[in-house]
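1. predicted structure and sequence below. I'll ask about it afterward.
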Amino acid sequence: MRDPAVRLLSLLSLLQSRPDWTGSELAGRLGVSARTVRNDISRLRELGYPVDAVQGRAGHYRLGVGAALPPLLLDDEEAVAIAVGLRSGAGISGIQESSARALAKLERVLPHRLRRSVEAISATVSSGPQNTRTDAPDPEVDPALLSALAAAVRDRVSVRFDYHDPASPAAGPPRQVEPYRLVSWERRWYLVAREPARGSWQVLRIDWITLRTPGGPRFTPSAPPGDYTDLVLREVASTGWTVRARIAVAGPAEAVLARINPAVGVVETVDAHNSILVTGADSLATVAAYVGMLDLDFHVAGPPELVEHVRRLADRYRRATAAGGQEIQRR
C-alpha cells in the first residue's frame, strides 16, 4: 500500500475494528514492513490519535482513550448523538451488524465523560412500537437535556424543571420529580417520573421540559406501577397529545381493540354493543385517520376543532363519490 494517506486511514480503521493488534498482524494486513507500521503509528499519534503500545512477547497496539476526542470533526454533542443513533439502528432489521460495528469503533475512542453519557442513555431508554404515524412536525429535543436527564436516571438524582404543555393556558409552578426512565416513541421522547410529594407517577414530554437544577437530591427507587413503555403508551393515548379526544364507537371494546394498535389509544367498555376510544395525536388529521380506520360507526363530540375537521372530511369524501368526481380526477 504505497499511498501514505490511504495507508494511515486503513491502519486507523483496523485499530478501531478490534481492541488489540500485533505489529506483524498490522504489517500483514497493510502489506508493509513492521518498521513502516511503527512509523505510521507515530504519525497517528502526531495527528492526535492515542495509540498505546504494549512491549514484550505479547506486545500489541491498541487505540487508547485520550483526554479529548481525536480529530474526527465531531463535537461532544455530535458524538453522543451519533452513538445514540447507532444504538437505535442496532435494532432495525438489515443494519444491525453494520450499526454495531460502527458503534464499537466510535465508543472505543470516546473520552470517559462522553462514554458515560452514551452508556447512561442506553441504560435508561426504552422504545415503543414504531408502526403509527403523525403528520405533525417532529419536536426538537436538546441533546444536553437528554444527557442530563439520562444521567439523573442513572444516578438516582431528582430533577427540578419548568414544564410547558401547549394545551395548558399558562405554565404551572416548577416541578421536582424522581426520574426513572426515558422512553422513545414515534420520534418523541418521554420521561417516566414519580412525584415524591404525592407519590404519583407521571409521563412527561421531554421537549416541554426546561431544567432548573440538573442535580437535585438523591432518592431511593420505588417499585414502578408496571412496564415503563406500557405506562407511556397508556398515558400518551389519554393526555400526552396536543389534540385529545373521546370517541363514542358503535361496537364492543373487543372489536375496537382488534382494529387498532394499542399505541393508538385506550378503549373503555360502555355496554355489550358500545365503547369509548380515548385517543389523541399532534394533529387533527391524524386523530381523524385513526377513527376512520376503525370501519365502525362513531360519534365525535369534541373538541370543536376535531368536530369541524371530521365534518370537512366527510364532505370531501361525499364529493369524491358524487357525480362529476371523475372530471375532478382528470383535471
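-> Sure thing, it's come through. All figures in this text were calculated on a predicted structure; none of them were measured in a lab.
2. buried set for the one helix or strand Leu11 maps to?
-> Under the criterion of DSSP states H and E, Leu11 resides in helix 4-17. For helix 4-17, the neighbour count (16 or more other CB atoms under 10 Å) marks Arg7, Leu8, Ser10, Leu11, Leu12, Leu14, Leu15, Gln16 as buried. Using the backbone N, CA and C atoms, a C-beta is placed for each residue, glycine as well.
3. can you pull the contacts of the residue nearest to the last one when sequence neighbours are not counted?
-> Distance criterion CB to CB, 6 or more residues apart in numbering; nearest residue to Gln16, sequence neighbours excluded, is Lys105 at 3.9 Å. Applying CB atoms under 8 Å, 6 or more residues apart in numbering to Lys105 gives the contacts Ser13, Gln16, Ser17.
4. and Lys105, what element?
-> Per DSSP H and E: helix 96-109 holds Lys105.
5. kindly export that helix (C-alpha atoms) in PDB.
-> What follows is helix 96-109, C-alpha atoms only, in PDB (Å, rounded to 0.1, in the frame of the first residue of the first chain):
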ATOM      1  CA  GLN A  96     -27.900  -4.500  13.000                       C
ATOM      2  CA  GLU A  97     -24.400  -5.700  12.200                       C
ATOM      3  CA  SER A  98     -23.100  -2.500  10.500                       C
ATOM      4  CA  SER A  99     -24.600  -0.300  13.200                       C
ATOM      5  CA  ALA A 100     -23.000  -2.400  16.000                       C
ATOM      6  CA  ARG A 101     -19.600  -2.300  14.100                       C
ATOM      7  CA  ALA A 102     -19.700   1.400  13.700                       C
ATOM      8  CA  LEU A 103     -20.800   2.000  17.300                       C
ATOM      9  CA  ALA A 104     -17.900  -0.200  18.500                       C
ATOM     10  CA  LYS A 105     -15.400   1.900  16.600                       C
ATOM     11  CA  LEU A 106     -16.800   5.200  17.900                       C
ATOM     12  CA  GLU A 107     -17.100   4.100  21.600                       C
ATOM     13  CA  ARG A 108     -13.500   2.800  21.500                       C
ATOM     14  CA  VAL A 109     -12.300   6.400  21.200                       C
END
